[in-house]
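*Asks:* got a predicted model here, sequence first, then my questions.
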Amino acid sequence: MQRRSSTLVLSYPNGESYISTKRSITENTMEFEGVGEIIASRQLYYFDETNRKRIVSVFVGKPQPSIDSRDYQCLFQLIGIGHQQPQVARGYDSVQALQSALILAAASLNHLNEKLGRSLMWDGGVKGELGFP
């Protein structure tokens, strides 16, 4: 298997941007760029030790049939915190895969939020509240 990578710069409407790298996912021997077609996203933020506002984005891809089984998979990705690589959630059907992605994204965010002293927040909530199941 040949590994290739390329760089993609994605921009937010507010002018901020981040760099995403196309990575191969060896579990299914196929390549993904981010999470594919994004069906949902949430933007959170925190203030770092220098009081600079840091953006954290959650992207959830459209659930797809798994290539290696009869199940479905749903990719999600946290940008701006953690390892920032796409992660795979699985389910019996597309709804369960989507639910699994939201639950796993919430678990990842809660873990990282604890490391940040519960300072992550989103515009729809209060400090420490992430708005996920």
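*Replies:* Noted; the coordinates are in hand. Please read these numbers as outputs of a predicted model, since none were measured by experiment.
*Asks:* distance of the residue sitting nearest the centre point of the chain from Q84?
*Replies:* Central residue of the chain (C-alpha atoms, centre = their mean): Q77, 1.7 Å from the mean position. Between Q77 and Q84 the computed distance is 7 Å (C-beta to C-beta, to the nearest Å). For every residue, glycine as well, the C-beta is placed using N, CA and C.
*Asks:* follow-up on the earlier one: and the residue nearest to the centre of the chain, what are its bridge partners?
*Replies:* Beta bridges link Q77 to F59, judged by DSSP bridges.
*Asks:* pLDDT score for L109?
*Replies:* pLDDT for L109: 93.
*Asks:* checking my notes, A106 in a helix, right?
*Replies:* Yes: A106: assigned to a helix according to DSSP: H, G, I helix; E, B strand; the rest coil.
*Asks:* does it really touch L120, like I thought?
*Replies:* No: judged on C-beta atoms under 8 Å, A106 makes no contact with L120 at a distance of 11.6 Å.
*Asks:* so which of those two has more stuff around it?
*Replies:* A count of neighbours by other C-beta atoms under 10 Å puts L120 above the other of A106 and L120, at 23 against 16.
*Asks:* what about this structure, any weak spots by pLDDT?
*Replies:* Scanning the chain for pLDDT under 70 picks out 1-33, 127-128.
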